[in-house]
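Asker: I need the structure of the sequence given here:
(chains A, B and C)
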Amino acid sequence: MKKFLSIVFVLILGGLIINHLASNNLIPRFGDVVLTDRVSDAYIDRDVNGGDEDVAFGESEDLESGAANTVTAIVADYRSFDTLGEVTVLFVSSLGVALLLGQSKRRIGLEFKPNFMLKIGSRALFAIILMTGVYVILHGHLTPGGGFPGGVMIASSMLLLYLADDEFRAKMRGFKVLESMMGLLYIALGLIALFISGVFLENFMDNGTLGTLFSAGMIPLVYSIIGLKVGSEISSVIDHFLSEEGAS
Amino acid sequence: MIQIAGILLMMLGLYGILTNRNIIKIIVSLNILEIGLNIFIISIGFVRAGEAPLFSSEAKSNALVFVDPLPQALVLTAIVIGVGTTALGLAFAKQIYAKYQTFELDEMGEE
Amino acid sequence: MNIALLVAVPLGLAFASILHKKLAPVLLLIGSLFVLVGLSFTEYGETVIGGFDAPYGIHLLLDHYRLIGLYIVNILFFVVIIMNIKTYQKMATVLLVSLAGLNGLMMTGDLFNLFVFLEITGISAYIITSTNKHPLASFQYLVAGTLGSSLYLFGLILLYAMFGSLNLADLASQITLLEDKTLVLLPFLLMFLGFGVEVKLLPLNSWVKGILSSANTLSGPMIASVYAAAMSLVFGRILHDLFIFEGRFQILVSVILLVSILAGEAMAYQTRKVKEILLYSSIAQAGLVVLLFVSGLATWALFLVMANAISKMILFMVIAEATKNQDDELDSLRGLFAKNKVIGLGFTIASLSVIGLPAFMGFVVKMHALEFLFAEQLYLSILAILLASVVEGIYFVRMLLELWAPSEYRFTFPVKMQYILLVLALILVFFGLTIEPLQALIEGIESTLQGGILWQV
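Answerer: Numbering: from 1, shown residues only, chains lettered A, B, ... in the order given. Coordinates of the predicted model:
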């Protein structure tokens, strides 16, 4: 009975939505979006606060937001308050996992015992994955990616070490300190901006030339902070899930 | 099209949440719901024959047609939030298993 | 003082507090006090974040409605903390994040930012309820809450697809200009369902029973009072700014809400467990609050939220403390107040205010609400509210009679709890007797809310 009602409800809701999408003439058809109707046009043109210069790769200097990657400019510059919130969500989730799963003294035993080749070979791979993660973080303002995917890559390199060696445990204390410091640094950047220009979280550093590595002001810094924070948080979550109470 | 696929995934996830009796399956359904939602959000921003919203040596100036970058930024946030809730949900699942020795709602007897 | 600090400082303290576990409760107190003191130095207006004006950037708003909401939420949050700081020290960091999230939720003027803060407060709530030691209930709360947020996000994206902006004020002005208001029906429905999960509306409130029936002194007041107030106020603001209704549509939504109110009261009537009585009463009151918002009485809905938040804080705190080591069947609590007169007095005042007896705030709010509903000729709502009040009266009085029965029941409440709760109860009496402070606030709020839109279906 419950399944039948659920199917009916879900079908009706899905039908309502599809019908609405087809009949609502304010929603543009798929692919026919006109960007000038939306706020995104100003983000692409980098002229949210007025001004009307052309944006050219490799040439424009000190734009309103110097990141070549428009999505990064939105996430870390125009709407950086949302990013602060997102970082907080991960922070509190990892905190919750730590609180719920308690003090963990030893690793959960794996059924399949990894052998010697796996343990050594995974260390080499660990370095490569770590480097990839760092690359993605540092180039977040030029290529797709940024702090979040990069941080998760760093965490996945830790996961590799955890899976390849069932005695391995990273130093949780170090991760905690790193996470806390990075969080405080992010808030401190916002407060410094508040002192300098009276606006919380404003990008107060020089924006450089569009497309070079050292451009976009505060954004590479913010992304590095986020990357390290995300990496340490997810590594801590992995550690908690792969451990249990008991004598060490 | 993509939008119908997104909505289909969302409805599948919703159905899963409403009817599943296994904790892990409920978490998986929640994830399917979120994936469908994210696909739908990205599809809102598509512009036919538009470039990726990235200035590079192939896309030099802002006179080109780009796809809408704002839904992509929103999805970035939504995915991370989904990861956070899934991690917490799995931690709860581990506690539930420690208390009841099962993941099946029917065997737990309380709800 | 820049209102961004109301969010940034608790957040910064939360990041710092994980370094030193012993220091965390101290930082929590500092954060809560900072926000309370800081609120008196704020000014009305917009605060831009990030240096980009709305609708491109995010801005935080402060006006009469939001300021009152912030005061209610932060004062009650502070009360919950000082009662619980010794026993739940491990929760200090989560509570700091929750404080930042609640403040941000009430102040933001951007819909996606609201989604992010909704998730922040939601996740903190799931962790706070884990102190109940009932992981299945917390898990179901998590699933329901995430489902609700996803539906809200879906509605929000549809609004973006239609109007191209995420800013609350911008969308409100564009919706006013719409000719065919039925176009926003689906986004409204989705946002209503989404927020309805958190605000405890039927049929999305199955999580409430699990969480509040095993509540303790931290999670009970926090979820039933602080969170309920914040969520209802934000929900009401969105409903008021983006969608107001008249005609057939209002009747339809009102009927659904009335069913929810009456069902809540009926469930409260037929149970003998005190926590269940209180939680079903909360569900019914939540329905009443949303009904008032939907009928256009945003100011009185705000006051009802305030009265309910104070009352439920007292009620839940007392019962949670009393049932710390025993079950909450009404019979086993018989005579609780015979030797605890001060607590009993506070509890009784709170109950009578919820019912709506004269001389208490609940009465004043209900009277004015019924007056306005009468003027709008919404007789069905009036009838249902009166019926609900009668049922409320019956079960609350029944409960009070049991609890005041003379007996040798021995239980000592902590002294600070006795007096703090009494002060809160006296606030209810104060606002019940003198209407002038409320009158002065009303003009301020109404002028803020003038920008609301009325439309017909």
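Asker: show me where the chain has its helices.
Answerer: Picked chain A for this. Using DSSP state H, the helices of chain A run over residues A:2-23, A:40-45, A:70-73, A:80-101, A:116-138, A:147-164, A:172-197, A:219-241.
Asker: ah, no, chain B please
Answerer: Using DSSP H, the helices of chain B run over residues B:2-19, B:23-44, B:69-100, B:105-108.
Asker: and if you look at the stretch 151-300 of chain C?
Answerer: In the stretch 151-300 of chain C, the helices defined using DSSP state H, counting those that start in this stretch lie at C:168-176, C:185-198, C:206-212, C:219-221, C:228-242, C:247-269, C:274-294, C:298-322.
Asker: right, and those helices - which one's nearest chain B?
Answerer: The minimum distance between chain B and the helices of the stretch 151-300 of chain C falls on helix C:206-212, with 7.1 Å, by CB to the nearest CB. Backbone N, C-alpha and C define where each C-beta goes, glycine included.
Asker: is there proximity between the closest one and chain B?
Answerer: Yes. On the criterion CB under 8 Å from any CB of the partner chain, helix C:206-212 is in touch with chain B at C:Gly210.
Asker: show residues contacting that helix.
Answerer: Helix C:206-212 is contacted from outside by B:111, C:129, C:132, C:134, C:136-138, C:140-141, C:144-145, C:197, C:200, C:219-220, C:223-224, C:275-276, C:278-279, C:282-283, C:316, using CB atoms under 8 Å, 6 or more residues apart in numbering or on different chains.
Asker: just the buried residues out of the residues you listed, in PyMOL syntax.
Answerer: PyMOL command restricting those to the buried ones, with burial defined by 16 or more other CB atoms under 10 Å in any protein chain shown:
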select buried, chain C and resi 129+132+134+136+137+138+140+141+144+145+197+200+219+220+223+224+275+276+278+279+282+283+316
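Asker: contacts only, for C:Trp404.
Answerer: Going by CB under 8 Å, 6+ apart, C:Trp404 touches C:Gly335, C:Phe337, C:Ala338, C:Gly344, C:Thr348.
Asker: what's the closest non-adjacent residue to the first one?
Answerer: Counting by CB to CB, 6 or more residues apart in numbering or on different chains, C:Ser407 is the residue found nearest to C:Gly335 once chain neighbours are left out, at 2.9 Å.
Asker: would you mark the buried spots in stretch B:64-71?
Answerer: Going by neighbour count (16+ other CB under 10 Å), the buried part of stretch B:64-71 is B:Phe66, B:Val67, B:Asp68, B:Pro69, B:Leu70, B:Pro71.
Asker: quick check: closest non-adjacent residue to the third one.
Answerer: Beyond its immediate neighbours in the sequence, the residue positioned closest to B:Asp68 (CB to CB, 6+ apart) is B:Gly45, lying 3.2 Å away.
Asker: same thing with the fifth one?
Answerer: Sequence neighbours aside, A:Ser40 is the residue nearest to B:Leu70 in space, at 4.6 Å (criterion: CB to CB, 6+ apart).
Asker: now swap in the second one and tell me
Answerer: Nearest in space to B:Val67, with sequence neighbours left out and distances taken as CB to CB, 6+ apart, is B:Gly50 at 4.1 Å.
Asker: before we move on, back to that, of the contacts of C:Trp404, which is the nearest to chain B?
Answerer: C:Gly335 (30.2 Å).
Asker: pretty sure that closest one sits in a helix.
Answerer: No. Checked against DSSP: H, G, I helix; E, B strand; the rest coil, C:Gly335 lies outside a helix; its state is coil.
Asker: so what's the residue count around A:Gly198?
Answerer: 12 (other CB atoms under 10 Å in any protein chain shown).
Asker: for the closest residue to it other than its chain neighbours, helix, strand, or coil?
Answerer: Leaving out its chain neighbours, the residue that sits closest to A:Gly198 by CB to CB, 6+ apart is C:Asn2, at 7.6 Å. What three-state DSSP gives for C:Asn2 is coil.
Asker: which ones are touching C:Asn2?
Answerer: With contact set as CB under 8 Å, 6+ apart, C:Asn2 has these partners: A:Leu194, A:Gly198, A:Phe200, C:Thr47.
Asker: what parts of chain B come near chain C?
Answerer: Counting by CB under 8 Å from any CB, the residues of chain B close to chain C are B:10, B:14, B:17, B:23, B:26, B:30, B:33-34, B:37, B:40-41, B:44, B:70-71, B:74, B:77-78, B:81, B:84-85, B:88-89, B:92-93, B:95-96, B:99-100, B:108, B:110-111.
Asker: can you flag the buried ones in those residues?
Answerer: Here, 16+ other CB under 10 Å leaves B:10, B:14, B:17, B:23, B:26, B:30, B:33-34, B:37, B:40-41, B:44, B:70-71, B:74, B:77-78, B:81, B:84-85, B:88-89, B:92-93, B:95-96, B:100, B:108 buried among those.
Asker: pLDDT below threshold where in chain C?
Answerer: Applying pLDDT under 70 to chain C flags the ranges C:54, C:244-248, C:436, C:443, C:447-457.
Asker: so which bits of it are right by chain B?
Answerer: For chain C, the residues in contact with chain B (CB under 8 Å from any CB) are C:112, C:116, C:119, C:123, C:126-127, C:130, C:135-136, C:138-140, C:142-143, C:146-147, C:150, C:153-154, C:157, C:160-161, C:166, C:210.
Asker: any residues touching the helix or strand bottoming out on mean pLDDT in chain B, and which ones?
Answerer: Every helix and strand in chain B was compared by mean pLDDT, DSSP states H and E; the lowest is helix B:105-108, with a mean of 81. Under the criterion CB under 8 Å, 6+ apart, residues B:Arg21, B:Asn22, B:Ile23, B:Ile96, B:Tyr100, B:Thr102, B:Glu111, C:Leu136 lie in contact with helix B:105-108.
Asker: ok, and does stretch A:117-137 reach over to chain B?
Answerer: No. Between stretch A:117-137 and chain B, judged by CB under 8 Å from any CB, nothing touches; the nearest distance is 13.4 Å.
Asker: check what contacts that stretch and list those residues.
Answerer: For stretch A:117-137, the surrounding residues in contact (CB under 8 Å, 6+ apart) are A:143, A:145-147, A:149-154, A:156-158, A:160-161, A:163-165, A:223-224, A:226-227, A:231.
Asker: out of the residues you listed, which are buried?
Answerer: Among the contacts of stretch A:117-137, those buried by neighbour count (16+ other CB under 10 Å) are A:145-147, A:149-154, A:156-158, A:160-161, A:164-165, A:223-224, A:226-227, A:231.
Asker: quick one: which of the buried residues of stretch B:64-71 is nearest to C:Pro437?
Answerer: Of all the buried residues of stretch B:64-71, B:Leu70 has the smallest distance to C:Pro437: 44.1 Å, by CB to CB.
Asker: enumerate every residue touching the closest one.
Answerer: Listed by CB under 8 Å, 6+ apart, the contact set of B:Leu70 reads A:Arg38, A:Val39, A:Ser40, A:Tyr43, A:Ile74, B:Gly45, C:Tyr160, C:Leu166.
Asker: distance check, the fifth one against chain C.
Answerer: Distance of A:Ile74 to chain C, computed by CB to the nearest CB, to the nearest Å: 9 Å.
Asker: flag the shaky bits of chain B, pLDDT-wise.
Answerer: For chain B, the stretches flagged by pLDDT under 70 are B:109-111.
Asker: on the three-state scheme, C:Val48 is what?
Answerer: On the three-state scheme (three-state DSSP), C:Val48 is labelled strand.
Asker: list the contacts for it?
Answerer: Residues near C:Val48 by CB under 8 Å, 6+ apart: A:Val199, C:Ala54, C:Gly57, C:Ile58, C:His59.
Asker: what do you get for A:Phe241?
Answerer: Each residue near A:Phe241 by CB under 8 Å, 6+ apart is listed here: A:Val97, A:Leu101, B:Leu90, B:Ala91, B:Lys94.
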